[in-house]
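> build me a model from this:
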Amino acid sequence: MGNRQRISYFPLDEMDDQVRAVVERCAREGVPRPESSAVRAHSLGAFWAFEDAWQKLFRSGLVAHEIKELCRVYVSRSVKCEYCGNQRSLEARAAGIGEGKLDELLNFESSEQYSEKERAALSYAEAITWRLNPDDGFWARLSRHFNEEELVELAGFISLTMGQQSWIRLLNIDHFEVLGGGSAAMAPGLDDPDALARARDSETYWAKS
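Coordinates of the predicted model:
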């Protein structure tokens, strides 16, 4: 991405079996992909804190996974984390979250792509990401679609992904650099390094807007 990588990938042959298994799963399934996991592997505390939280907040829980994926990509587009923004949840894609819907994220209030529940969730992501000070109407809107347990879960996920993406943006890591460079869970058309480079050269590349 044009700049020197700031924290190295922890060597695969020095990882213990459990950490290596997670990184290999990331290479097979994505979101997160293996490069960011290989950086986190420098600190076992940080590695497992993130992994445990990610499984509980993104991969499971009460709030629909596809709503969480919308919030995750919204944060990517907001903080301009290319590494995270170029990944896609296969589960969310199977549930109908396509590129047209993701392309409208920064205009979610006016776009017809989203349900009222999705707009409410995205307004929550917006308020957390941009430190807004919303009024009572904001909370009334959320309460029409989510109970308090769901609101806490969703806020926990949004906060986790916002913090990680804000950090990962600084690292200058890139895809296809760990475990053979598989294309699992990459956005359509970004299946290899050459395709990713061509996308970045395009005037319509999302991170240029």
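
> can you check what pLDDT the model gives the residue most central in space within the chain?
Residue closest to the average C-alpha location in the chain (C-alpha atoms, centre = their mean): R72, at 4.2 Å. Looking at R72, its pLDDT stands at 98.

> list the contacts of the residue lying closest to it once chain neighbours are set aside.
In space, and not counting its chain neighbours, R72 is closest to T161: 5.0 Å by C-beta to C-beta, 6 or more residues apart in numbering. In short, each C-beta sits where N, CA and C put it, glycine included. Contact partners of T161, counting by C-beta atoms under 8 Å, 6 or more residues apart in numbering, are F58, C71, R72, V75, C84.

> T161: which element?
T161 belongs to helix 148-171 when assigned by DSSP states H and E.

> distance of the residue of the chain positioned farthest from its centre from S143?
The C-alpha centroid of the chain is most remote from D136, which lies 28.7 Å away (C-alpha atoms, centre = their mean). Using C-beta to C-beta, to the nearest Å, D136 is found at 10 Å from S143.

> please apply the same query to N86.
Counting by C-beta to C-beta, the gap from N86 to S143 is 34 Å.

> which residue of these two possesses the greater neighbour count?
N86 (23 against 12; other C-beta atoms under 10 Å).
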